[in-house]
Structures are given as structure tokens and as C-alpha cells.
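Undergrad: Need coordinates for the following:
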Amino acid sequence: EIAGVSADYMEIEYRDGDRLFIPTAQIGRIDKYIGPDEEETRLSKLGGREWETAKSKARASVKQLAENLVEIYRERSQAKGYAFSEDPVWQRQFEDNFAYTETPGQLESIEQIKQDMQSTKIMDRLLLGDVGYGKTEVAMRACFKAVMDSKQVAMLVPTTLLARQHYKNFLARFSGFPVRIEQLSRYTKHPKTVLENLLSGKTDIVIGTHKLLGKNVKFKNLGLLVIDEEQRFGVSHKERIKDMKRDVDVLTLSATPIPRTLEMALTGIRDMSTIDTPPEIRKEVQAYVLPFDWGMVRDAILKELNRGGQVFFVCRRINEMESLAAGIRRAVPADVQPASSSAASIIPASSTAIPLCFNVCTPHSLCRRSAADDFSSIISKSKVKINHLFLFFPKKLLFCAACSKKGPLHQMPCSSPLYRYKDNLS
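TA: Predicted coordinates for the structure are as follows:
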């Protein structure tokens, strides 16, 4: 209360206990501080110059970054790159081995990328597409085209899990062709051998994490750089990426590009291809953004169980998983059964989980899988131990690989995955 007038204020604390009260009507003048480590953030003194100095340094750093980017793209626009040859016979054989029918978006993106690679212009293309829309297949064809011209390919990914997943997928997709593929991450058993093979040219394609950005990583003849999920690399990593991008073709894959990357694509600084047509077997995801409410969570879980489906609950932070699990067990106790008993038909009798096979995972534990992959592949490539895997799919569209019987699932534990996806995966 000030001068007999009551109002709501926000109290902001500064160093040495100084406080500033801001009327809630001016809340728009306040922004949340975002830094590398908020717990060790040093408070500024009220009325001091420290904050202004910090902001000035940040502005200068941003300006320098922008100037560096302009210089890099100026060099790339003026320089002439390597013009890849037309598709050889093996390229057509490789593409014919694709087990699925390409979507119109994939075909258009593939054609645009090939035109870039076959020109003397240094390619810098952003490939946009939702998860499961086939960006990896498009990238594989670009990689194969580069290898056919005796060029090396580096695929940069943000996590070891994704590196391992891509590595196995590339090995399976390139089988039958004389292409040597290696992986470089902190789990690589013989990293020195991989580095020697890159320098000597024995390795055609290397898939790795930020280790590919080390100063000791040298290529004999790098021709294509593929970056998956660029938004998840840090500032220091992006500085090294900029150096690698000066004279090689670059293909960036992303479902959620950072604003700077998207703006550069929309303004024409970078080229952009979009895969906006989902595969036949994939249906549009229905997303709902709602305030968190345990009643809503309970209703959603029971609705999914009543239709014979399964639930995968994603938690933001590892340290919140236990409390979230306890909350779900209270909201959907063990004695609550869905209307349809078929929902729990695949749960082993010895399972201690609640009827919906509850298992909480962090977002990065989810794998991007194609519709032809089986449950065992998904489980084996998850970062967390999964006793029961939760996917949204209609049980009537599954079939048993052992007896080819369609319809309700047999009673079996998820540790013996015999089911494969069928048509119209939801």
C-alpha cells in the first residue's frame, strides 16, 4: 500500500539485499534470465553498471557472429564447389532397394539435392520434415551419390544414441555395396583406427557426435557434411561446424530448426526442401495442449486402455520421474481395470506395473523408428530399460510373426516381441 492505494507489485532482489518493486501493470518489462547455469548466477548491484556491461558484451558477440556468418556465406557464394557426376547404375540400384514407396515430398527433395550436388555451387540445403517422414532416406541417397564419386561423407549427430541408431540403419541400407561405414563417438572401441582410416581415405562414411568436430579429425577428401538436428549443438560446436562448411556440400536435417537457420532458409541465404507428405502407413498426430490436470491424465489413460491401446508417458526431467510415476499410480490405481480386458492381455502375470504397463521415460529415450521395425529393435536402442513399450496403435492392425494370426494380441511378455507393425499405423 502506497499513499493509501493498494496495488500488486513484483519484488526483485539484487545483490546485498537490495530490492526493487515493480507494479504488475509493468510486468511486460521483466524477462526471465536464461544462462548456462542459473544456480551460480551472480546477482547485479542495484544501480550498478555490471548488467549494462554484460549486455554490451553480448551485443558485440552477436554482431561478431553475424559478421562471421556473412563472411562465410559470401565466400561460399563466390567459390566453386565440386560438381558431382550424374547418377551411375549403382545409384539407381541403391534407390530401387528401398523397401517402401517414396512420398512426393521425398522425391521432390531428392531431385533438388541432386541438382545442387551436380552443380558447381556449394550446397547448403535445409531439409525440413516431421519425425518419420523419411528425411534419413533422402540423406542416405545423397551420401551414396557422394561416395560414388570417391568423396567422403561425415554425418554429425548430437547424441551417441542417435549415432548408434544411424550407424546400424546405414549398415543395413548400404549392405551389398562396397561402402565402408564407421562410427565415432565416446563409445567407439578403437577411435584412433577410425581417425587413421578417415585420413587415409579407407572410410567412406563416418557417423559421429561432437567428436567429429575435434581438431585431430582430418579427412582425405570430404565432399558432403550431413547435420542431423543442428539445434541441439552448442555454440562452440557450431563454430567448428562453420569452419567445416566453407568448401563442402552441407545438408541439414531437422524437424524443428533453430530460428536463425529457418530465417536464413526463408530469406534465401540457404536453400530449403520440405517433406510435407507423410508415408502411407503414417497417420497425422493429434496433439492437445492443455493445463496439467490429474483428472485429465486419468481420463486420457483410461480412454486409451478402453480402446485396447497402450500409453507411453514422457517426463521432462529424470529427477521428476519417480514422483510422476507415483502420481500416475495414485490417479490410476492397480485395481482400476479398463472396460476391455484385451488391453492388458500382453502384460505378464508377474508384472508389478499397473495395468497400463506404466513406464516413464525422458524425451531423448524415444527412438525414431520406421513402420517396419520390430519391438525388439526399439527396445534395444532405447537409453532406458523398457519392460513394456508403449506406442499408440490399434491392436486389430497387428499380426503375429509366428503364426500370422491377425486380431487380438496373444498373451506374451514384451521381452519376446513377435509383433510387427501392419498397415495404417496410427
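Undergrad: just how off-centre is the host helix or strand of Phe144 within its chain?
TA: Phe144 is part of helix 135-148 when elements are defined by DSSP states H and E. Centre-to-centre, helix 135-148 and its host chain are 19 Å apart (C-alpha atoms, centre = their mean, to the nearest Å).
Undergrad: What lies in contact with it?
TA: Contact with helix 135-148 is made by 84-85, 87-88, 90-91, 94-95, 98, 102, 106, 109-110, 113-114, 117, 127, 129, 152-153, 155, 166, 169-170, 173-174, 177, 179, 204-205, 223-224, 226, 228, 249, 251, 253, 255, 275, as judged by C-beta atoms under 8 Å, 6 or more residues apart in numbering. No exception for glycine: its C-beta is placed from N, CA and C like everyone else's.
Undergrad: Name the next helix or strand downstream of that helix, please.
TA: Immediately after helix 135-148, counting by DSSP H and E, sits strand 152-156.
Undergrad: right, and the secondary structure at the closest residue to Thr120 other than its chain neighbours would be what?
TA: In space, and not counting its chain neighbours, Thr120 is closest to Lys80: 4.5 Å by C-beta to C-beta, 6 or more residues apart in numbering. Under the three-state scheme (DSSP: H, G, I helix; E, B strand; the rest coil), Lys80 adopts coil.
Undergrad: Could you tell me what pLDDT the model assigned to Lys80?
TA: Per-residue confidence (pLDDT) for Lys80: 85.
Undergrad: so who does it touch?
TA: Lys80 touches 120-122, counting by C-beta under 8 Å, 6+ apart.
Undergrad: CSV please, covering the residues you listed and showing pLDDT and neighbour count.
TA: As requested, the contacts of Lys80 are exported to CSV (pLDDT from 0 to 100; neighbours: other C-beta atoms under 10 Å):
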residue, pLDDT, neighbour count
Thr120, 90, 9
Lys121, 87, 17
Ile122, 88, 21
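Undergrad: Would you quantify the distance from the residue nearest to Thr120 to Asn197?
TA: Lys80 sits 29 Å away from Asn197, going by C-beta to C-beta, to the nearest Å.
Undergrad: quick one: what helix or strand has Lys168 in it?
TA: Assessed by DSSP H and E, Lys168 sits inside helix 160-173.
Undergrad: contacting residues around stretch 51-63?
TA: Ser44.
Undergrad: Tabulate the CA atom coordinates of it in CSV.
TA: The C-alpha trace of stretch 51-63 is given here as CSV (Å, rounded to 0.1, in the frame of the first residue of the first chain):
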residue,chain,number,x,y,z
TRP,A,51,24.4,-5.6,-16.2
GLU,A,52,24.8,-2.9,-18.9
THR,A,53,28.4,-4.1,-19.4
ALA,A,54,27.2,-7.7,-19.8
LYS,A,55,24.6,-6.7,-22.3
SER,A,56,27.1,-4.7,-24.3
LYS,A,57,29.4,-7.6,-24.5
ALA,A,58,26.6,-9.9,-25.6
ARG,A,59,25.6,-7.4,-28.4
ALA,A,60,29.2,-7.2,-29.6
SER,A,61,29.4,-11.0,-29.6
VAL,A,62,26.2,-11.3,-31.6
LYS,A,63,27.4,-8.7,-34.1
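Undergrad: ok now that stretch, how far from the chain's centre?
TA: For stretch 51-63, the distance to the chain centre is 31 Å (C-alpha atoms, centre = their mean).
Undergrad: Check Asp96 and give its pLDDT.
TA: Asp96 is assigned 94 on the pLDDT scale.
Undergrad: Now stretch 194-214: buried residues?
TA: 194-195, 197-198, 203-213 (16 or more other C-beta atoms under 10 Å).
Undergrad: Using PDB, write down the CA coordinates of it.
TA: Only the C-alpha atoms of stretch 194-214 are listed here, as PDB (Å, rounded to 0.1, in the frame of the first residue of the first chain):
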ATOM      1  CA  VAL A 194      38.800 -44.700 -37.300                       C
ATOM      2  CA  LEU A 195      40.800 -41.400 -37.400                       C
ATOM      3  CA  GLU A 196      43.600 -43.100 -39.400                       C
ATOM      4  CA  ASN A 197      41.000 -44.600 -41.800                       C
ATOM      5  CA  LEU A 198      39.500 -41.100 -42.400                       C
ATOM      6  CA  LEU A 199      42.900 -39.600 -43.100                       C
ATOM      7  CA  SER A 200      43.900 -42.400 -45.500                       C
ATOM      8  CA  GLY A 201      40.500 -42.400 -47.200                       C
ATOM      9  CA  LYS A 202      39.600 -46.000 -46.300                       C
ATOM     10  CA  THR A 203      36.400 -44.900 -44.600                       C
ATOM     11  CA  ASP A 204      33.700 -43.600 -47.000                       C
ATOM     12  CA  ILE A 205      31.100 -42.600 -44.400                       C
ATOM     13  CA  VAL A 206      31.600 -41.700 -40.800                       C
ATOM     14  CA  ILE A 207      28.700 -41.100 -38.400                       C
ATOM     15  CA  GLY A 208      29.600 -39.400 -35.100                       C
ATOM     16  CA  THR A 209      28.800 -37.000 -32.400                       C
ATOM     17  CA  HIS A 210      30.700 -33.800 -31.500                       C
ATOM     18  CA  LYS A 211      33.900 -35.900 -31.600                       C
ATOM     19  CA  LEU A 212      33.900 -35.300 -35.300                       C
ATOM     20  CA  LEU A 213      34.500 -31.700 -34.600                       C
ATOM     21  CA  GLY A 214      37.800 -32.300 -32.800                       C
END
